[in-house]
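>>> below is the sequence, then the predicted model.
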Amino acid sequence: MPELPEVETTRRGILSVLKNQTITQVVVRDARLRWPVSPDFAQRLTGQRVLDVERRAKYLLITLARGTVIWHLGMSGSLRILAVGTPPQVHDHIDVVLSSGRLLRFNDPRRFGCALWTGDDPMQHDLIAHLGPEPLSEVFDPVYLADQAKGRKVAIKQFIMNASVVVGVGNIYASEALFRAGIRPKRMAGQIKRDEFQRLVRAIKVVLADAIKVGGTTLRDYVNANGTPGYFRQKLFVYERAGEPCRSCKTPIQQVTQGNRSTYYCPQCQQ
DNA sequence: ATGGGCACCTGGCTGC
DNA sequence: TGCAGCCAGGTGCCCA
């Protein structure tokens, strides 16, 4: 699913609805997510006031008066705001019911997502502590990325998808950013030139920011908190466009496999 | 430390 | 029509 723009769009959609509300009930219909939902998950949340909804990488962090909910949407998950009483559909695994009469509903067909409560600093949690910088922050700059890439033989596409290097760049936006930067996805990270890192960092920031503006990219499952899809798909240059003409030079877009994931690029525009 | 490959799971599409 | 095979917005873990 969701890469950073989709998670950020979800965060913005649920923030004002959740903030300052009290959780009156939590219903776990299916606890079999990536990690089983803890038996005390509902009890930890019930009766608590929501103070804030933040994001770190692709994790949503719901700050409660006591503790934090760490929520990940996996490949196919979505969080929606609905009225209490809305009948659950297939794959609707968790409801968080609010005092306002609305509820937060988690749907995840593939169950790669997770939801857990922690009473400690969420930034120190095992899932989060090791993560690299946020791509839209100032610390993510060409000097940082070039330094991280020194001596690395891994392909540049897999390198920018490595959450220890930089977070939030998933399979769609990795291909899109490399196209915009004019860099071949299979080149070794350590061989990328200084000016190319400048273009790449700029491309990552621009493509993510542009996607957030239009609510992210919907390929199959993803919908935002209101149930509407993201519209960035219309602005994709290469992703899922194998064989179609490059929007810039008309050369057919190539598809290759890297790390068991599909990569798309223009053999003319990207060198 | 680094890189590669697999696993987790459901559903939709393709081709025989 | 049926079914096997392949593919899909992620990422932790195991192995060499």
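Thanks, I have it.

>>> please make it C-alpha for all contacts and neighbour counts, starting now.
Will do.

>>> who's residue A:231 bridged to?
Beta-bridge partners recorded for residue A:231 (DSSP bridges): residue A:217.

>>> count the neighbours of it for me.
17 (other Cα atoms under 10 Å).

>>> and the pLDDT at it?
pLDDT recorded at residue A:231 is 94.

>>> who are the contact partners of it?
A:211, A:214, A:215, A:216, A:217, A:218 (Cα atoms under 8 Å, 6 or more residues apart in numbering).

>>> ok, now how distant is the third one from DNA strand C?
When Cα to the nearest atom of the strand, to the nearest Å is the yardstick, residue A:215 and DNA strand C sit 11 Å from each other.

>>> thinking again about what came up before, turn the contacts of residue A:231 into a markdown table, columns for pLDDT, neighbour count and distance to residue A:198.
Formatted as a markdown table, those follow (pLDDT from 0 to 100; neighbours: other Cα atoms under 10 Å; distance: Cα to Cα, whole Å):
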| residue | pLDDT | neighbour count | distance to residue A:198 |
| --- | --- | --- | --- |
| A:211 | 97 | 22 | 20 |
| A:214 | 95 | 17 | 25 |
| A:215 | 94 | 23 | 26 |
| A:216 | 94 | 28 | 24 |
| A:217 | 93 | 25 | 25 |
| A:218 | 92 | 19 | 29 |
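
>>> and which of those is nearest DNA strand B?
Using Cα to the nearest atom of the strand, the shortest approach to DNA strand B within the contacts of residue A:231 belongs to residue A:218, at 13.7 Å.

>>> skipping adjacent residues, who's closest to the closest one in space?
residue A:230 (5.1 Å; Cα to Cα, 6 or more residues apart in numbering).

>>> give me the contact list for the longest helix seen in chain A.
Looking across chain A with DSSP state H, the single longest helix is helix A:194-213. For helix A:194-213, contacts defined as Cα under 8 Å, 6+ apart pick out A:4-6, A:8-9, A:135-136, A:140-142, A:145-146, A:169, A:173-174, A:176-178, A:180-181, A:183, A:217, A:231-232.

>>> for the nearest residue to residue A:174 once chain neighbours are set aside, what are its contacts?
Leaving out its chain neighbours, the residue that sits closest to residue A:174 by Cα to Cα, 6+ apart is residue A:157, at 6.2 Å. Listed by Cα under 8 Å, 6+ apart, the contact partners of residue A:157 are A:174, A:175, A:178, A:185, A:186.

>>> give me that answer again for 10 Å
A:169-171, A:173-175, A:177-178, A:183-189, A:258-259, A:263 (Cα atoms under 10 Å, 6 or more residues apart in numbering).

>>> for residue A:188, same thing?
Taking Cα under 10 Å, 6+ apart as the test, what residue A:188 contacts is A:149, A:151, A:152, A:153, A:154, A:155, A:156, A:157, A:158, A:159.

>>> okay, and the beta partners of it?
residue A:155.

>>> what about the closest residue to residue A:134 other than its chain neighbours, neighbour count?
Of all residues not flanking residue A:134 in the chain, residue A:167 sits nearest, at 5.7 Å (Cα to Cα, 6+ apart). For residue A:167, the neighbour count with other Cα under 10 Å is 21.

>>> correct me, but residue A:167 touches residue A:173?
No. At 11.6 Å, residue A:167 does not count as touching residue A:173 under the criterion of Cα atoms under 10 Å.

>>> who touches both of these two?
Contacts common to residue A:167 and residue A:173, judged by Cα under 10 Å, 6+ apart, are A:3, A:4, A:160, A:161.

>>> residue A:93: which of these is nearest?
The nearest member of these to residue A:93, counting by Cα to Cα, is residue A:3 at 20.7 Å.

>>> so what pLDDT did the closest one get?
For residue A:3, pLDDT reads 94.

>>> how close does the nearest residue to it once chain neighbours are set aside sit to DNA strand B?
Nearest residue to residue A:3, sequence neighbours excluded (Cα to Cα, 6+ apart): residue A:170, at 5.5 Å. For residue A:170, the distance to DNA strand B (Cα to the nearest atom of the strand) stands at 13 Å.
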